[in-house]
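Trainee: Quick one, structure for this:
(chains A and B)
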Amino acid sequence: MANAAPPAIEACGVRFEIGSKRLVDDVSLAVPAGRMVGILGPNGAGKSTLLKLVSGEHKPAAGHILFDGVPVAQAPPALLARRRAVVPQSSQLTFSFSALEVVVLGASVPGFGLCADHTRAAEWALDRVGLAHLAARRYTDLSGGERQRVHIARAMCQLATAPPSPGETLLLLVDEPTSNLDIGHQRRVLGALREAAAEGASVLAVLHDINLAAGYCDSLALMREGRLIAHGSPEEIVRDDLLSHTYGCALDANRTPSRTPFVLPITRDAPDGATHMLNGSQRRNSETAAS
Amino acid sequence: MLKPTPAEDLGARTRSACDRIRARGLIALAVVFLLTAFLSLSVGPSGITLLSLPQVIAEIAGYSAGTGGHEALVLLDIRLPRTLLAMYVGASLAVSGAIMQGMFRNPLADPGLIGVSSGAALFAVAMIAFGDAYLPALKAFLSVHALPLAAFVGGLAATAVLVGLTNGRRAISTGTLLLAGVALAALASALMGVVAYLSDDRALRDLTLWTLGSLAGASWSKAIGALPFALLLALLLPRLIRDLNGLLLGEAEAYHLGINVQRAKLLIVFVTAGAVGAAVAVAGIVGFLGIVTPHIVRLVSGPDHRFLLPASALLGGTLAVAADMVARVAVAPAELPLGIITALIGAPFFLHLVLRRGVHG
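Mentor: Numbers count the residues shown, from 1 in each chain, chains lettered A, B, ... in the order given. The predicted structure is shown next:
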């Protein structure tokens, strides 16, 4: 991984526990500005908890996380919110907002500020996630995927309306942004995040789809049982042995002809060589690697 | 970086229209609010009518010799403070309802229904019954503010119990909130009964007025007692708007938006306890204004607190003044307690909401 820029996010020996259960254990991770990092791992690996530690929502029991050199745990919420937005895994709304109104809630305008100040940014953000046509639709009438995109737009609106802070990195923290989406929308959402990274923001996304993560992220962080197993480029991470060990099941990693890594589960009754269709010669014996 | 460029500006017209509609809505509500208040000055057993009102006002101002001051006295010392207090009670209960619904993320929260008003009333009644005997120096020092302050403490205690029930991440369920409110209200009224038994006749007679709510005893001293709380509510309201809008998304989301959630909740609890406490201290438990008003506003404007809070204040004040007018004339020359009128209108409305949403909604 090319690592010329100083890291925007630097986690050092971070530990977090609830009761005696250690959810995140001695994790050190550096995310440079303008990079999109995917956090992968099985359920309960501590991915979301790590994201909450980076957002400042949880305070680490040991270690520290620096955001542009400032310790996140001690930073006041308002200061963080100017440069860091979070898209939660799921969000319940009690009152019937329109999609646009939900996005406007992300805007950082205090008091009785007029609609026009932030509605502009909200409309722009909705357009960016491809939902401009649903602005007036009630949030409760939206599909799961549309709701997820509304919250991504809200996060973008938050950063767009924050007072400008030259020289400081913007950070997007996203928890499973594609879990409810079909493949077309998955690509659109990850494309929007990719674009944000291209414009200089750091993006930290918890993802479940290894292939999508490998296709869109600059680097992948692999977690298991609260520990960071590996962090590196998709080529370094998408490997039979590493993934099979992390997820505890037999996985077959491969490369497309354009060298993009991908992975397929090995099912017992799969005809031998099913994955040879793309790049048979590179296939290794995954069953051996998994054991 | 990550900002809309001018070329991406999408619909300037719809936005300024949104601001214009809101501004017009607030102006219209304010006009109705003032007109209702004016009308209220002309309603009552004494013979000041809408037509003679300008003349009486002119007399008070010293521009015309009048009827010997009786009507001016009625207007100044009885109807004016009563109208002002109705405006305050309605506005503060409606705003408190809207704020509590936002904080609990539950549209069925109402200071009367969830026991906050009962807690306030208990402490106010206790102050009346025992203040002179046990805390004479304090009561004398606080003078007209003694009752509102006692009610504030009672409201605070009740709200603290309810906030303790919310477990942070999830919105409190309607069932839990209402059941806890029922328990709190039952406990408070039982204790009020105890207080009534322990004290003399005067406080006992007051008790029905406390539990049913009435503005019959409105006076300037009560208005002055409530004034600090009215000012505090008005001053802090703009600060609460962004906090409440953020909290609608959830407490974690509010934190992500830069809101200091614990501080915001503390402020909200104090502001609502103060507003409800002062309202209860001057008018007893007036129910349902806190739930009916924000609901009507939300139907029209959506749940954004930038409009919801000021609009609820104006509409709540209007409704309370109107209800108090009905209370004064419905069974004239006798008078109905204000809380009966608001319950007659509000309880069916509330029932309708519960039936439509289901308790778990």
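
Trainee: and whichever residue of the stretch 1-150 of chain A sits closest to chain B, how many neighbours does it have?
Mentor: Closest approach between the stretch 1-150 of chain A and chain B, counting by CB to the nearest CB: A:Ala81, at 2.6 Å. All C-beta spots, glycine's among them, are computed from the backbone N, C-alpha and C. Counted with other CB atoms under 10 Å in any protein chain shown, residues neighbouring A:Ala81 total 25.

Trainee: Kindly report the same for B:His70.
Mentor: 13.

Trainee: and it, how far is that from chain A?
Mentor: According to CB to the nearest CB, to the nearest Å, B:His70 stands 44 Å off from chain A.

Trainee: Tell me, how many residues neighbour residue 199?
Mentor: I'll assume chain A. A:Glu199 has 12 nearby residues by other CB under 10 Å.

Trainee: Wait, chain B was what I had in mind.
Mentor: Here the number of neighbours of B:Ser199 (other CB under 10 Å) works out to 19.

Trainee: Let me know the pLDDT of it.
Mentor: If you check B:Ser199, the pLDDT there is 76.

Trainee: how about it, phi and psi?
Mentor: When quoted as degrees, to the nearest 10, the phi and psi of B:Ser199 stand at phi -110, psi -180.

Trainee: cool, B:Asp304 as well?
Mentor: Backbone torsions for B:Asp304, taken as degrees, to the nearest 10, come to phi -70, psi 120.

Trainee: For it, which residues are in contact?
Mentor: A:Glu101, A:Val104, B:Asn245 (CB atoms under 8 Å, 6 or more residues apart in numbering or on different chains).

Trainee: and A:Ile65, that one's in a helix?
Mentor: No: looking at A:Ile65 with DSSP: H, G, I helix; E, B strand; the rest coil, it is strand, so not inside a helix.

Trainee: near chain A, which residues of the stretch 251-361 of chain B?
Mentor: Neighbours of chain A within the stretch 251-361 of chain B, by CB under 8 Å from any CB of the partner chain: B:252-253, B:255-261, B:298, B:302-304, B:306, B:310.

Trainee: how about a cut-off of 7 Å?
Mentor: Contact residues (CB under 7 Å from any CB of the partner chain) of the stretch 251-361 of chain B with chain A: B:252-253, B:255-260, B:298, B:302-304, B:306.

Trainee: Which of those fall within helices?
Mentor: Per DSSP state H, helices hold the following members of these: B:Ala252, B:Glu253, B:Tyr255, B:His256, B:Arg298, B:Arg306.

Trainee: Show me where chain B dips below the pLDDT cut-off.
Mentor: Scanning chain B for pLDDT under 70 picks out B:1-18, B:47, B:51, B:63-69, B:166-174, B:201-206, B:357-361.

Trainee: Which residue does it have closest to chain A?
Mentor: Counting by CB to the nearest CB, chain B gets nearest chain A through B:Gly258, at 2.6 Å.

Trainee: Next up, the contacts around that residue.
Mentor: Neighbouring residues of B:Gly258 by CB atoms under 7 Å, 6 or more residues apart in numbering or on different chains: A:Pro77, A:Ala78, A:Leu80, A:Ala81, A:Arg82, A:Ser108.

Trainee: can you pull the buried residues of the helix or strand containing A:Arg15?
Mentor: Using DSSP states H and E, A:Arg15 falls within strand A:7-18. Neighbour-count burial for strand A:7-18 flags A:Pro7, A:Ala8, A:Ile9, A:Glu10, A:Ala11, A:Val14, A:Arg15, A:Phe16 (criterion: 16 or more other CB atoms under 10 Å in any protein chain shown).

Trainee: Same question for stretch A:126-140.
Mentor: A:Leu126, A:Asp127, A:Arg128, A:Val129, A:Gly130, A:Leu131, A:Ala132, A:Leu134, A:Ala135, A:Tyr139.

Trainee: cool, and stretch A:30-48?
Mentor: A:30-41, A:45-48.

Trainee: on that earlier part again, restricted to buried residues, select the residues of the stretch 251-361 of chain B next to chain A in ChimeraX.
Mentor: Here is the ChimeraX selection string for the buried members of these, based on 16+ other CB under 10 Å:
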select /B:252,253,255,256,257,258,259,298,302,303,304,306
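
Trainee: ok, back up a step: what's the closest of the buried residues of stretch A:126-140 to A:Pro257?
Mentor: Taking CB to CB as the measure, A:Pro257 sits nearest to A:Gly130 out of the buried residues of stretch A:126-140, at 29.6 Å.

Trainee: On the three-state scheme, that closest one is what?
Mentor: coil.

Trainee: Near A:Ile183, how many other residues are there?
Mentor: Neighbour number of A:Ile183 under other CB under 10 Å is 10.

Trainee: Contacts for stretch A:13-29 next, please.
Mentor: Residues contacting stretch A:13-29 (CB under 7 Å, 6+ apart): A:11-12, A:46, A:49-50, A:53, A:58, A:60-63, A:65, A:221, A:226-228, A:231.

Trainee: what about it, average pLDDT?
Mentor: Mean pLDDT, stretch A:13-29: 92.

Trainee: from the middle of its chain, how far away would it be?
Mentor: The chain centroid and the centroid of stretch A:13-29 are separated by 19 Å, computed with CA atoms, centre = their mean, to the nearest Å.

Trainee: again, but for stretch A:62-72
Mentor: Mean C-alpha position of stretch A:62-72 versus that of the full chain (CA atoms, centre = their mean) differs by 19 Å.

Trainee: Name the next helix or strand downstream of the strand holding A:Arg15, please.
Mentor: Next along from strand A:7-18, by DSSP H and E: strand A:21-32.

Trainee: what's the first-to-last distance across stretch B:131-141?
Mentor: By CA to CA, to the nearest Å, the extent of stretch B:131-141 from end to end equals 12 Å.

Trainee: List the buried residues in that stretch.
Mentor: Quick answer for stretch B:131-141 (16+ other CB under 10 Å): B:Gly131, B:Lys139.

Trainee: can you list contacts of that stretch?
Mentor: Contacts for stretch B:131-141 (CB under 7 Å, 6+ apart): B:Ala146.

Trainee: And stretch B:188-198, by the same measure?
Mentor: B:Gly115, B:Ser118, B:Gly119, B:Ala121, B:Leu122, B:Val125, B:Ala126, B:Ala129, B:Ala203, B:Leu204, B:Leu207, B:Thr211.

Trainee: can you tell me which of these are in helices?
Mentor: Of the contacts of stretch B:188-198, the ones assigned to helices by DSSP H are B:Ser118, B:Gly119, B:Ala121, B:Leu122, B:Val125, B:Ala126, B:Ala129, B:Ala203, B:Leu204, B:Leu207, B:Thr211.
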